[in-house]
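Give me the fold of what follows.
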Amino acid sequence: MNNPVLACYGLAKSYLDGASKIEVLQHVDLEVNRSEMVAIVGSSGSGKSTLLHLLGGLDKPSHGRVILNGKNLQHLSEKEKCELRNHHLGFVYQFHHLLPEFSALENISMPLLIRGEEPEIIREKAAHLLEQIGLKNRMSHRLGQLSGGERQRVAIARALVADPLCVLADEPTGNLDPHNAERVLQLFFDLQKSLQTSVVMVTHDPIIAKRAQRIMRIEQGKLVEA
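Numbering: from 1, shown residues only. Got it, this is the predicted structure:
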């Protein structure tokens, strides 16, 4: 029996707006298998980013459960959730969320530093990924010295450096021009395949979504096959 690396069952999220209850997600079920890329599409405000935040344990569901590597996030303390995320999840956002005071190499190294790995191992892994993304000569450059496309490549390398089971990507090229977006996407897909990492990617672009193995759509708070 195939055990999903990341799954949610009966997931729901609602907010109170004054006296009104707004249901963003309702009874969402999703299983993500090893090395699988799943694209999630839907209109603006449909709950795509909310679903990613719930899957990553960054927000708490109103109902339902999220299972990461066989563990129910709702049964873990905040410290345990942070440790589980650090070992098994990577995150890529539309805006890179890198640390401007650090170099490209240092930014990529962050997940491994948090994990407490040996400095020599960290540097070797981060430098290897920098070479893979074509930024070997930008190792010591800070963010102000990198282009938008280069920064997003660094963000992707940071998400993958710790060999996560799954990467959650929220419009990872939405802030780039078409040429840089295609270069960054191709790099992302190539690394995903070579590392056999699962990916859940939110995108508004149907052309990008078609490159995934499975497409899901959020409609009126529910997740359905597209």
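
got any ranges where the chain has weak pLDDT?
Applying pLDDT under 70 to the chain flags residues 1.

Okay, helices next: where are they in it?
Under the criterion DSSP state H, helices of the chain are mapped to 48-55, 78-88, 104-115, 119-132, 148-160, 178-195, 206-209.

Tell me how far the third one lies from the chain's centre.
If I follow you right, that is helix 104-115. Centroid separation for helix 104-115 versus its chain: 16 Å, with CA atoms, centre = their mean, to the nearest Å.

Residues touching that helix, excluding its own?
Under the contact criterion CB atoms under 8 Å, 6 or more residues apart in numbering, helix 104-115 has outside partners 86-87, 90, 98-99, 102, 121-123, 125-127, 129-130, 135, 138-143, 146, 150, 154-155, 157-158, 161-162. No exception for glycine: its C-beta is placed from N, CA and C like everyone else's.

Can I get that helix in PDB? Just the C-alpha atoms.
This file holds the C-alpha atoms of helix 104-115, laid out as PDB (Å, rounded to 0.1, in the frame of the first residue of the first chain):
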ATOM      1  CA  ALA A 104      23.400  33.400  -1.600                       C
ATOM      2  CA  LEU A 105      25.400  30.500   0.000                       C
ATOM      3  CA  GLU A 106      24.300  31.500   3.500                       C
ATOM      4  CA  ASN A 107      20.600  31.800   2.500                       C
ATOM      5  CA  ILE A 108      20.700  28.300   1.000                       C
ATOM      6  CA  SER A 109      22.400  26.900   4.100                       C
ATOM      7  CA  MET A 110      19.700  28.200   6.600                       C
ATOM      8  CA  PRO A 111      17.600  25.000   6.800                       C
ATOM      9  CA  LEU A 112      20.700  22.900   7.500                       C
ATOM     10  CA  LEU A 113      22.000  25.400  10.000                       C
ATOM     11  CA  ILE A 114      18.700  25.200  11.900                       C
ATOM     12  CA  ARG A 115      19.000  21.400  11.800                       C
END
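
Return the set of buried residues in it.
104-112 (16 or more other CB atoms under 10 Å).

Of those, which is the nearest to Asp177?
Nearest to Asp177 among those is Ala104, at 20.5 Å by CB to CB.

buried subset of the contacts of helix 104-115?
Here, 16+ other CB under 10 Å leaves 86, 90, 98, 122-123, 125-126, 129-130, 135, 138-139, 142-143, 146, 150, 154-155, 157-158, 161-162 buried among these.

Dig out what the residue nearest to the spatial centre of the chain forms beta bridges with.
Closest residue to the average C-alpha location of the chain: Leu168 at 1.9 Å, with CA atoms, centre = their mean. Note on Leu168: beta-bridge partners by DSSP bridges are Phe91, Val200.

Just the C-alphas of stretch 153-160, formatted as CSV.
The C-alpha trace of stretch 153-160 is given here as CSV (Å, rounded to 0.1, in the frame of the first residue of the first chain):
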residue,chain,number,x,y,z
ARG,A,153,16.7,30.3,-8.0
VAL,A,154,18.4,30.7,-4.6
ALA,A,155,15.0,30.4,-2.9
ILE,A,156,14.4,27.1,-4.8
ALA,A,157,17.8,25.8,-3.8
ARG,A,158,17.1,26.7,-0.2
ALA,A,159,13.8,24.8,-0.3
LEU,A,160,15.6,21.7,-1.6
